[in-house]
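[1] Below are the sequence and a predicted model for it; my questions follow.
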Protein chains: 2
Amino acid sequence: MKLSTKGRYAVTAMMDIALHEKVGPVTLADISQCQGISLSYLEQLFSKLRRNGLVQGVRGPGGGYRLAKPASEISVADIIDAVDEKMDLTKCGGKGNCDGGSKCLTHKLWYDLTCDLHRFLSGITLDQYLNRPHINELVKKQDEQYGRFINRRTAA
Amino acid sequence: MKLSTKGRYAVTAMMDIALHEKVGPVTLADISQCQGISLSYLEQLFSKLRRNGLVQGVRGPGGGYRLAKPASEISVADIIDAVDEKMDLTKCGGKGNCDGGSKCLTHKLWYDLTCDLHRFLSGITLDQYLNRPHINELVKKQDEQYGRFINRRTAA
DNA sequence: TTAAATACTTAGTAAATCAGTCAGGAATAG
DNA sequence: CTATTCCTGACTGATTTACTAAGTATTTAA
């Protein structure tokens, strides 16, 4: 479990997609412009998100990315785990090769802590932050500002 | 809110101190040896922990570091905030300089999320992970293994 | 069928951060 | 005085970040 701006970028981008799920696939170019993230960097992140089964790419004009699962089944922990390499729990991750050492004691305490943290973030799914009052109006207003989805029909 | 190995080092070291609070000040040399962290790196981390009022340094022979507050009043969030620079919330941290922009929408969602996370980690204090059955026996056993505190009387 | 739009991939890079070394100064117990 | 410890600052190689560049593959629309 590691939390950096990289993870923030990924979560933010995923939220953007989830917000526009109904309109259709979301292009990285749009996310890049609206969220202020470099396009190529997004491509790298989405390569990982795709390999981890969180998003689904649609090629060709009118394409983009959509969620591979319902927003209610994608947790923040999923996204961060996909994008940020987990940090090494100092070699002795329960393998017992430092039995009884003082290392393993406090390392275990840290391990317990990160387990709690991971459980917490696993309980937070994308939809929890999207299904809020007034969000939809805001999204619509702001899409107009950026001129998103002006020539696209609403998808099923 | 940012979480890296740096934060892990700090939390682990703080746990080590909390575990030996009753014996007296804990030297960085001991922590370095037992937790496998470089001494000079620890010194840098503790410089920040001290400036943030989490630990108190005691100079001279028999010195070391002790907690500046009861373990029940030091949260994991405190430690991580002290050691890891908070990551920039992309310039528009509520300053209103990107009013109504699509940026601020998803940024706000991210902001809400990190607030929840911070609240979660603020609720986890050092003592919660220390006051557990069998921990004290383990600590004693492992201190003997590393030869810690062999010539030191128990502090008040 | 062609052109454009998009996902996808690989390679490279400047800057930042990490984790550490080194060298020394300041306080204090014995 | 001397050994021990905190404390500070400067420096460094390795890694990671965040990004650029340049392409390939696939699909839609004209």
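    Looks like it arrived, so ask away.

[2] Enumerate every residue touching the closest residue to A:L39 other than its chain neighbours.
    Of all residues not flanking A:L39 in the chain, A:S32 sits nearest, at 4.3 Å (Cβ to Cβ, 6 or more residues apart in numbering or on different chains). (C-beta placed from N, C-alpha, C; glycine too.) Applying Cβ atoms under 8 Å, 6 or more residues apart in numbering or on different chains to A:S32 gives the contacts A:S38, A:L39, A:L42.

[3] Ramachandran angles for the second one?
    If I follow you right, that is A:L39. When quoted as degrees, to the nearest 10, the phi and psi of A:L39 stand at phi -60, psi -50.

[4] In contact with it, which residues?
    A:L28, A:A29, A:S32.

[5] just the last one next, same as before
    Contact criterion Cβ under 8 Å, 6+ apart gives A:Y9, A:A13, A:L28, A:I31, A:S32 as the residues in contact with A:L42.

[6] before we move on, back to that, narrow the contacts of A:L39 to those in helices?
    A:L28, A:A29, A:S32 (DSSP state H).

[7] near chain B, anything from stretch A:119-136?
    Yes: Stretch A:119-136 reaches chain B (Cβ under 8 Å from any Cβ of the partner chain) through A:F120, A:L121, A:I124, A:Y129, A:L130, A:I135.

[8] sorry, that was for stretch A:69-79
    Yes: residues of stretch A:69-79 are located near chain B by Cβ under 8 Å from any Cβ, namely A:V76.

[9] burial count for the residue lying closest to A:A68 once chain neighbours are set aside?
    Distance criterion Cβ to Cβ, 6+ apart; nearest residue to A:A68, sequence neighbours excluded, is A:Q56 at 4.4 Å. For A:Q56, the count of nearby residues is 14 (other Cβ atoms under 10 Å in any protein chain shown).

[10] List the residues that contact A:Q56.
    Applying Cβ under 8 Å, 6+ apart, the residues contacting A:Q56 are A:R50, A:Y65, A:R66, A:L67, A:A68.

[11] just the residues of stretch A:119-136 next to chain B now: which is nearest DNA strand D?
    A:L121 (16.8 Å; Cβ to the nearest atom of the strand).

[12] give me phi/psi at the closest one?
    According to degrees, to the nearest 10, A:L121 has phi -70, psi -30.

[13] Which residue, other than its chain neighbours, is closest to it?
    In space, A:L121 is closest to A:A77, 3.8 Å off (Cβ to Cβ, 6+ apart).

[14] number of nearby residues for that neighbour?
    Residues near A:A77, counting by other Cβ under 10 Å: 18.

[15] And for A:Q145?
    12.

[16] Tell me the spacing between it and A:Q33.
    11 Å (Cβ to Cβ, to the nearest Å).

[17] residue ranges of the strands in chain A, please?
    Remark: strands assigned in chain A by DSSP state E are A:55-58, A:64-67.

[18] How about the residues of chain A by DNA strand D?
    For chain A, the residues in contact with DNA strand D (Cβ under 7 Å from any atom of the strand) are A:2, A:4-6, A:9, A:37-41, A:43-44, A:59-63, A:84-85.

[19] Let's see which of those residues end up in helices.
    Short answer: the residues of chain A next to DNA strand D in helices (DSSP H) are A:T5, A:K6, A:Y9, A:L39, A:S40, A:Y41, A:E43, A:Q44.

[20] isn't the second one right up against A:I79?
    Same thing as A:K6. No: if you go by Cβ atoms under 8 Å, A:K6 and A:I79 don't touch, sitting 10.5 Å apart.

[21] Name the residue in those two with the higher neighbour count.
    Neighbours per residue, other Cβ under 10 Å: of A:K6 and A:I79, the larger number sits with A:I79, 27 against 18.

[22] CA atoms only for the helix-or-strand element of chain A with minimal mean pLDDT, dumped as PDB, please.
    Each helix and strand of chain A was given a mean pLDDT (mean pLDDT, DSSP states H and E); the minimum falls on helix A:135-146 at a mean of 83. The C-alpha coordinates for helix A:135-146 follow below in PDB (Å, rounded to 0.1, in the frame of the first residue of the first chain):
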ATOM      1  CA  ILE A 135     -23.100  16.300  -8.800                       C
ATOM      2  CA  ASN A 136     -24.900  15.500 -12.100                       C
ATOM      3  CA  GLU A 137     -25.800  19.100 -12.700                       C
ATOM      4  CA  LEU A 138     -22.200  20.100 -12.000                       C
ATOM      5  CA  VAL A 139     -20.900  17.500 -14.400                       C
ATOM      6  CA  LYS A 140     -23.200  18.700 -17.200                       C
ATOM      7  CA  LYS A 141     -22.300  22.300 -16.700                       C
ATOM      8  CA  GLN A 142     -18.600  21.600 -16.700                       C
ATOM      9  CA  ASP A 143     -18.800  19.400 -19.700                       C
ATOM     10  CA  GLU A 144     -20.300  22.300 -21.600                       C
ATOM     11  CA  GLN A 145     -17.500  24.500 -20.400                       C
ATOM     12  CA  TYR A 146     -14.900  22.100 -21.900                       C
END
